[in-house]
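Participant: Build the 3D model from these lines:
(2 chains)
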There are 2 protein chains.
Amino acid sequence: MENEMHTDTEKHLELNANRSIERLLHFLGIPSISTDSAHDSDCVAAAEWLVKELSSIGMNARLVPATRHPAIIAHGPRVENARHVLFYGHYDVQPPEPLDEWESSPFDPEIKTRDGREVIHGRGAADDKGQLMTFVEACRALHETGGIPLNLTFLIEGEEEIGSPSVKKLLETYKNELSADIALICDTGMLDFDSPAIGCQLRGFVGEIITIEAASSDLHSGNYGGAARNPAVVMSQILASLVNKDGSISLPGFYEGVEDTSEDLMRDWKQLSTMEANLLEEVGLRVPAGEQGRSVLEQVWARPSFDINSLSSGYVGPGFKTVLPSTAQAKISFRLVGNQDPYNIREELRHAIQKLVPADCKVNFEAFGTVPAVQMDIGRSEFTLVKDAIRDVWKNPCVFIGMGGSIPIVTDIKKLLGLDTVLLGFSLSDDHMHAPNEKYDLECFRKGTLSWLRILRALEASSCPEMS
Amino acid sequence: MENEMHTDTEKHLELNANRSIERLLHFLGIPSISTDSAHDSDCVAAAEWLVKELSSIGMNARLVPATRHPAIIAHGPRVENARHVLFYGHYDVQPPEPLDEWESSPFDPEIKTRDGREVIHGRGAADDKGQLMTFVEACRALHETGGIPLNLTFLIEGEEEIGSPSVKKLLETYKNELSADIALICDTGMLDFDSPAIGCQLRGFVGEIITIEAASSDLHSGNYGGAARNPAVVMSQILASLVNKDGSISLPGFYEGVEDTSEDLMRDWKQLSTMEANLLEEVGLRVPAGEQGRSVLEQVWARPSFDINSLSSGYVGPGFKTVLPSTAQAKISFRLVGNQDPYNIREELRHAIQKLVPADCKVNFEAFGTVPAVQMDIGRSEFTLVKDAIRDVWKNPCVFIGMGGSIPIVTDIKKLLGLDTVLLGFSLSDDHMHAPNEKYDLECFRKGTLSWLRILRALEASSCPEMS
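Facilitator: Next up is the predicted model:
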């Protein structure tokens, strides 16, 4: 009986695959760029579209207000003696710039063939609209063939790409109705096209926008060069001072709370030799830039890092203007691991910079994101159930990996709701997330949807020792 | 007899002042914008108008072809046993945009009252049509009251505002007929309304556009941060390495050819205490950024400098993108003095940068400008004659100053014709050159014309030991 149901639902999913894709293409057509206030109404449109979609699969869905763009909370019908799952996703996307590098318009999504495989091309295809829809479409198939067999709650926000400024408040305000046994998020990647992975630790994040101001206006570098302070020179000196000669980060106390990776995980990661070899090669690099004696995977999953995300000063158009700029701006960030304290690190950063700013200059700091690193309790049964449920969907078995990026919501879900999160996603490393020509492999979309279908069935069927 | 002639000519100038201004207003009405090909015929019209004007004062004037817009060469009648003077100017102007910031149409010039003084308002009023016409009108007064008492050649170009692409070729092609004893240029400014100045040294220039390329595309700083090389970090380290802790420039051999300013000049500059005090204060700065123990004027006129003119990397729009950029670009420049060799300096710069570029990165260099510094031989009699000739025209005596910027024509005149140039002009710092509401003070125009009249008389009257 159960197997038959599985088969029916999976057949239903397959028969309706084109409609699933049509819905996703519509969703991708909405330019819900959260950082740009010119797109505020597009964010609302994306949120309202999701409410309609979730309602159509039997969810009681509504918009809830947030700082910049509304979130969505939705509940399925109550299922007695079943696990309660909280699914989180986000409908907002990164700005598409530089526009001239896109093969076709970022918000006019298309199915294209790339390297012999069909892909969905458009901003948000992988991050996170396409991934979010794998879960929604799995739920739709269940809904349309007998019902979703678990207690299910959705929390979907529209502010993830601007650092989720409202998530904490949402989790606090709606704590009771968001309570569950486990959280699921589909916003991460595969190791490769055949190999799914569950993220079991996430790096933290501290971002800072630094602006140095010198003269009251841009000056002629001939008339003033030498006597007038150049804020771009000051900025270069500040940024260079943050990194030691051996590539380590110079801030006092920065490495407090950094711990070595467990031997079990290190053993798993050593087996990911293709990934270890390909990570840099795929992007045209050869030499790992991080701490010597650490593998590439360890450098991006389990070691802290410093990056300059943006630099701007003076005349950046074509040609050359002999201007002595009045301001220079850098956007920088640190990735954190273990128990590094993002608040302390921001304080040390600002203190170190202040000391290097000359008397004539003003420095302005703007915080962007303050997220500690997270480690999951992978001893919980759901982690094994999920891992096993998708064994036959993909060619290779699912493995536990670290994650270099931050997903602040995971931290907050752990801290405020007390839940571990299963981070399972189906994007590929060449999906160009946050970059021009973002895409999502059509096969990842299909198999991702099937994976969630089997996972929800597995979570339903299993005994549930942790259930409260 | 000579004094009477002086008086007659000056009286003639005064009686015909309105006609001089009418001619200038007509000239300003021609929109000879050299950078905009829509104005090619206006450039020809301005050039032809000048040929007619110069012919009317006894010059043998003609158009000569150049890259974009014709130049004018004109010769006066031969005067035996007199100095030969080469006057250089330009008839082209900057584009007037943004148009909506002009009080009245940029090419419909008017006399207006501003801050209680009459000014000529219009594009090119100061740069360089108004200044050029001070010299032409002085020549006219001489021509109409007995003749220009010197050998006089004009070279007027129409491509100065687009970087004078033809000047070297013009100087080479017409070298014989442009030969002279001294060059005069009226395209510079006063210290203030009462204080004329002669530029006697110009800093040189070496500009370079540096591009560092790392990964083949922008990356997610979470997924790659730590392992993938960040070109903006590399750029910061490179730029910071160019400056020593004491503010000096670190390139090997950079200070070769830098010499201390003569005691005479330093004495003159110490008297410019208002300028020394105001230069930085006017732009909101207080602390001179250059070498300790050097005055502000010395720092901008007689010491080399390093500036970052532009920085760009990653996402520079509003908000924050956690991108790990694939490229970083800086536009930098050095100002040079004395005998510093701009070619050596560019070579040392590239060599020093190459050494700091990690194995994985590519660096691309693009040269922008290679101009040695110029020092005039102010021991030549013409410099003293000019300085003394205008003593009674202005409230304060004329002084020798340095100039922080480069004027490529001056370098070329020195190099190709072997001539020193007297840089004397009458624009004020609030003339809005290259900006909306450009103006030229009417009194600067009048006194400027009188100044040239007295200078030409002085150059005629004096003994001339350097004459060949």
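
Participant: List, one by one, the residues from the stretch 51-200 of chain A near chain B.
Facilitator: A:94-95, A:97, A:162-163, A:189 (Cβ under 8 Å from any Cβ of the partner chain). For every residue, glycine as well, the C-beta is placed using N, CA and C.

Participant: same for the longest helix along chain A, what does it pack against?
Facilitator: Secondary structure assigned by DSSP state H gives helix A:442-461 as the longest helix of chain A. Where contact means 3 or more Cβ pairs under 8 Å, 6 or more residues apart in numbering or on different chains; DSSP states H and E, helix A:442-461 is packed against helix A:2-15, helix A:17-28, strand A:117-121, helix A:129-144, helix A:381-389.

Participant: tell me which residues of it are tucked away?
Facilitator: By 16 or more other Cβ atoms under 10 Å in any protein chain shown, the buried positions in helix A:442-461 come out as A:442, A:444-460.

Participant: what distance separates that helix from the middle of the whole chain?
Facilitator: Centroid separation for helix A:442-461 versus its chain: 20 Å, with Cα atoms, centre = their mean, to the nearest Å.

Participant: Just the CA atoms of it, as PDB, please.
Facilitator: Provided in PDB are the C-alpha atoms of helix A:442-461 (Å, rounded to 0.1, in the frame of the first residue of the first chain):
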ATOM      1  CA  LEU A 442      16.900  21.100 -14.800                       C
ATOM      2  CA  GLU A 443      17.800  17.600 -13.700                       C
ATOM      3  CA  CYS A 444      18.800  19.000 -10.300                       C
ATOM      4  CA  PHE A 445      15.400  20.600 -10.100                       C
ATOM      5  CA  ARG A 446      13.600  17.300 -11.000                       C
ATOM      6  CA  LYS A 447      15.700  15.000  -8.800                       C
ATOM      7  CA  GLY A 448      15.600  17.600  -6.000                       C
ATOM      8  CA  THR A 449      11.900  17.500  -6.000                       C
ATOM      9  CA  LEU A 450      11.900  13.700  -6.000                       C
ATOM     10  CA  SER A 451      14.400  13.800  -3.100                       C
ATOM     11  CA  TRP A 452      12.100  15.900  -1.000                       C
ATOM     12  CA  LEU A 453       9.200  13.600  -1.800                       C
ATOM     13  CA  ARG A 454      11.100  10.600  -0.500                       C
ATOM     14  CA  ILE A 455      12.500  12.500   2.500                       C
ATOM     15  CA  LEU A 456       9.000  13.600   3.600                       C
ATOM     16  CA  ARG A 457       7.800  10.000   3.200                       C
ATOM     17  CA  ALA A 458      10.900   8.700   5.200                       C
ATOM     18  CA  LEU A 459      10.300  11.200   8.000                       C
ATOM     19  CA  GLU A 460       6.600  10.100   8.100                       C
ATOM     20  CA  ALA A 461       7.300   6.400   8.100                       C
END
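
Participant: Pull up the pairing partners for the host helix or strand of A:Leu423, direction included.
Facilitator: Assessed by DSSP states H and E, A:Leu423 sits inside strand A:421-424. Its sheet considered, strand A:421-424 pairs with strand A:182-185 (parallel), strand A:197-202 (antiparallel) by DSSP bridges.

Participant: quick one: that strand to chain centroid distance?
Facilitator: For strand A:421-424, the separation from the chain centroid amounts to 12 Å (computed by Cα atoms, centre = their mean).

Participant: Give me the residues contacting it.
Facilitator: Contact with strand A:421-424 is made by A:88, A:182-188, A:196-200, A:202, A:376, A:382-383, A:386, A:390, A:398, A:403, A:407, A:410, A:413-414, A:451, A:455, as judged by Cβ atoms under 8 Å, 6 or more residues apart in numbering or on different chains.

Participant: low-scoring stretches of chain A, by residue?
Facilitator: Counting by pLDDT under 70, the ranges of chain A that qualify are A:1-6, A:463-468.

Participant: can we see that at 80?
Facilitator: Counting by pLDDT under 80, chain A contains low-confidence ranges at A:1-6, A:264, A:406-408, A:461-468.
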